[in-house]
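[1] this one's sequence-less:
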């Protein structure tokens, strides 16, 4: 009696065919996954660069218009290698590799980039932030040396559709708002907040060397009056400072730039010949701000030979427990804190320096 069961040889052939088919499907799926972009970013250790040294045979730091002095040691600004984001694809294999390396972090792309941001916009913003950090660093170092540095408020950008669109232009220098001197961005914002949404604000600006009197009708953002512009602080520096950072962008090297400029403009070696790395933004007034990727930056600094690392105080919590062996992590909140730390390292007097953790 036949029950419709195939002979053993036939069953074996069909099983082999099924296995081959399944294997083929898996191979196709695996190959396809290498091209599927996932909405994540990967932060990995990047190189550390000595601001007192050279890149491609050219000095990183150049100062004209003031006496400079020989330096020793190194003041390293640190970087993060960034994968993902607009115009860049991160696959499941990239994420797996990052996890396997152990010195990389992953995060949702939305944590770093707003929706609809383009790669060109990211590049442009990073370049602008880097340029701004260099200028603020120079101003901070010069003020620490007792030099006079004057400032003024300028329009950094006028987004399309904002209340000021068609009235104000990028690069306009604000002289006054409703007759109040535009001494700094906070003064400008304070003057605008004296209005109600829908009221006109009287502005005096300088454009192409000419003074213009303009008015902008304030918009309404959650009940608050706004003119819808981005502001920046511009500086009239008594010396010319140039920093050759290659393709590196962003604001997080500001602290190390400031230390290096100060070192170059003062007799002797600030570092005492030591290799010191660090990170942190620098604000007008000398405050040191937080950054991202401090774990990766410490690894890059350690690989470059630094055994001292300056961290913004706000980043200490993220760094503690991940400090490379043989490295000491010092916390700073201002440029003065950082200068004191470097001077202490140079003298071998570090017992009283504040540490993370």
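    Structure received. Being a predicted model, the structure only gives us computed values, none of them experimental.

[2] tell me which helix or strand residue 305 sits in.
    When secondary structure is defined by DSSP states H and E, residue 305 falls outside every helix and strand.

[3] what sits against it?
    If a contact means CB atoms under 8 Å, 6 or more residues apart in numbering, then residue 305 has 74, 275 as its contacts. Using the backbone N, CA and C atoms, a C-beta is placed for each residue, glycine as well.

[4] helices of this protein, start to end?
    Shown for the chain, the helices assigned by DSSP state H span residues 8-33, 92-101, 119-144, 185-193, 254-264, 294-303, 316-319, 335-347.

[5] distance from stretch 232-240 to the middle of the chain?
    In this view, stretch 232-240 has its centroid 21 Å away from the chain centroid, taken as CA atoms, centre = their mean, to the nearest Å.

[6] what does it rub up against?
    63-66, 132, 135-136, 138-139, 142, 147-156, 173, 184-185, 284.

[7] list the buried residues for that stretch?
    With burial defined by 16 or more other CB atoms under 10 Å, the residues of stretch 232-240 counted as buried are 232-235, 237, 239.

[8] go through these and name the one nearest residue 335.
    Closest to residue 335 out of the buried residues of stretch 232-240 is residue 235 (15.3 Å), distances taken as CB to CB.

[9] now do that closest one against residue 191, distance only.
    When distances are taken as CB to CB, to the nearest Å, residue 235 and residue 191 turn out to be 22 Å apart.

[10] quick check: residue 322 touching residue 295?
    Yes: under the criterion of CB atoms under 8 Å, residue 322 makes contact with residue 295 at 4.6 Å.

[11] the more surrounded of those two?
    Using other CB atoms under 10 Å as the criterion, residue 322 and residue 295 rank with residue 295 on top: 20 against 14.

[12] per-residue confidence for that one?
    Each residue has a pLDDT score; the one for residue 295 is 95.

[13] what does the one 10 residues further on give?
    The predicted local distance difference test score for residue 305 is 96.

[14] could you do residue 1 as well?
    Among the per-residue scores, residue 1 shows a pLDDT of 41.

[15] could you do residue 131 as well?
    At residue 131, the predicted lDDT confidence score is 85.

[16] any idea how many residues pack against it?
    Taking other CB under 10 Å as the neighbour definition, residue 131 ends up with a count of 14.

[17] mind listing what it touches?
    Taking CB under 8 Å, 6+ apart, one finds nothing in contact with residue 131.

[18] going forward, begin numbering at 34 instead of 1
    OK, 34 is where the count begins now, so the last one is residue 164.

[19] now do it against residue 320, distance only.
    Shown here: residue 164 relative to residue 320, a distance of 19 Å by CB to CB.

[20] what's the answer for residue 244, then?
    Applying CB to CB, one obtains 33 Å for the distance of residue 244 from residue 320.

[21] neighbour-wise, which of the two wins?
    For residue 244 and residue 320, the more surrounded residue by other CB under 10 Å is residue 320, and the numbers stand at 15 against 10.

[22] residue contacts, the nearest residue to that one once chain neighbours are set aside?
    Sequence neighbours aside, residue 367 is the residue nearest to residue 320 in space, at 5.8 Å (criterion: CB to CB, 6 or more residues apart in numbering). With CB under 8 Å, 6+ apart as the criterion, the residues that contact residue 367 are 319-321.

[23] so what's the residue count around residue 126?
    Residue neighbour count, defined by other CB under 10 Å, stands at 12 for residue 126.

[24] show me which positions of stretch 179-198 end up buried.
    Across stretch 179-198, burial judged by 16+ other CB under 10 Å covers 182, 185-189, 191, 195-197.

[25] coming back round to it: closest one to residue 305 among the helices of the chain?
    Comparing the helices of the chain by their distance to residue 305 (CB to CB), the top pick is helix 368-380, with 2.8 Å.

[26] tell me the angle the closest one makes with helix 152-177.
    70 degrees (axes from the mean of the first three to the mean of the last three CA atoms, to 10 degrees).

[27] so what touches helix 368-380?
    In this structure, residues lying in contact with helix 368-380 by CB under 8 Å, 6+ apart are 106, 108, 173-174, 177, 288, 291-292, 295, 302-307, 309, 311, 313, 315, 319, 321, 341, 343, 363-365, 383, 385-387.

[28] please apply the same query to stretch 146-159.
    74, 118-121, 282-283.

[29] show the end-to-end separation of that stretch, please.
    End-to-end distance for stretch 146-159: 12 Å, by CA to CA, to the nearest Å.

[30] and stretch 72-91, by the same measure?
    Counting by CA to CA, the terminal residues of stretch 72-91 are separated by 38 Å.

[31] mind checking the pLDDT average for that stretch?
    Average pLDDT, stretch 72-91: 90.
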